[in-house]
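Trainee: Here's my sequence, what's the structure:
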Amino acid sequence: MYLDGAGFVQIFVRSSVEECLRRNATRRSDELVTEQVVRDMANKFEPPDPSRKWEQHLVVIDNNESGVENIALKYA
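Mentor: Residues are numbered from 1 along each chain as shown. Purely as a prediction, here's the structure:
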């Protein structure tokens, strides 16, 4: 996983807009993001494209599957 002598890996956490909004609603009131901002960012976000050389070393975590929170906490 080296590109021009530098080691790297890209970690992509896939999450639905609905899941993002649900998690946002659990934040403290001073940390909330507006629903419009979440939706705007989701529309602007470009997921990785493994056909690009610099995006081939990719780990995808699907945050919409059950048990992902437990895995993340285990390794945090």
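Trainee: ok, what's across the strand from the residue most central in space within the chain?
Mentor: What sits nearest the mean C-alpha location of the chain, by CA atoms, centre = their mean, is V13, with 3.0 Å. Beta-bridge partners recorded for V13 (DSSP bridges): I61.
Trainee: Pretty sure it sits against V59.
Mentor: No: counting by CB atoms under 8 Å, V13 stays clear of V59, with 9.4 Å between them. In this view, the C-beta of every residue, glycine as well, is placed from N, C-alpha and C.
Trainee: And the spatially closest residue to D62 that is not a sequence neighbour, how far from L58?
Mentor: What sits nearest to D62 in space, not counting adjacent residues and going by CB to CB, 6 or more residues apart in numbering, is R14, at 4.9 Å. Distance, R14 to L58, using CB to CB, to the nearest Å: 11 Å.
Trainee: Burial check on V37, number of neighbours?
Mentor: 11 (other CB atoms under 10 Å).
Trainee: where does the protein dip in pLDDT?
Mentor: 1-6, 64-76 (pLDDT under 70).
Trainee: what about the helices in it?
Mentor: Secondary structure of the chain (DSSP state H): helices at 17-25, 35-44, 68-75.
Trainee: ranking the ones you listed by burial, who's on top?
Mentor: Ranked by mean neighbour count, these are led by helix 17-25 with a mean of 13 (mean count of other CB atoms under 10 Å).
Trainee: Alpha carbons only: can I get that one in CSV?
Mentor: Below are the C-alpha coordinates for helix 17-25, written out as CSV (Å, rounded to 0.1, in the frame of the first residue of the first chain):
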residue,chain,number,x,y,z
VAL,A,17,-28.6,10.1,5.4
GLU,A,18,-31.3,8.7,7.7
GLU,A,19,-28.6,7.2,10.0
CYS,A,20,-26.6,10.4,10.0
LEU,A,21,-29.7,12.4,10.9
ARG,A,22,-30.6,9.8,13.7
ARG,A,23,-27.1,10.1,15.2
ASN,A,24,-27.1,13.9,14.8
ALA,A,25,-30.4,14.0,16.9
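Trainee: Kind regards, and thank you for your time.
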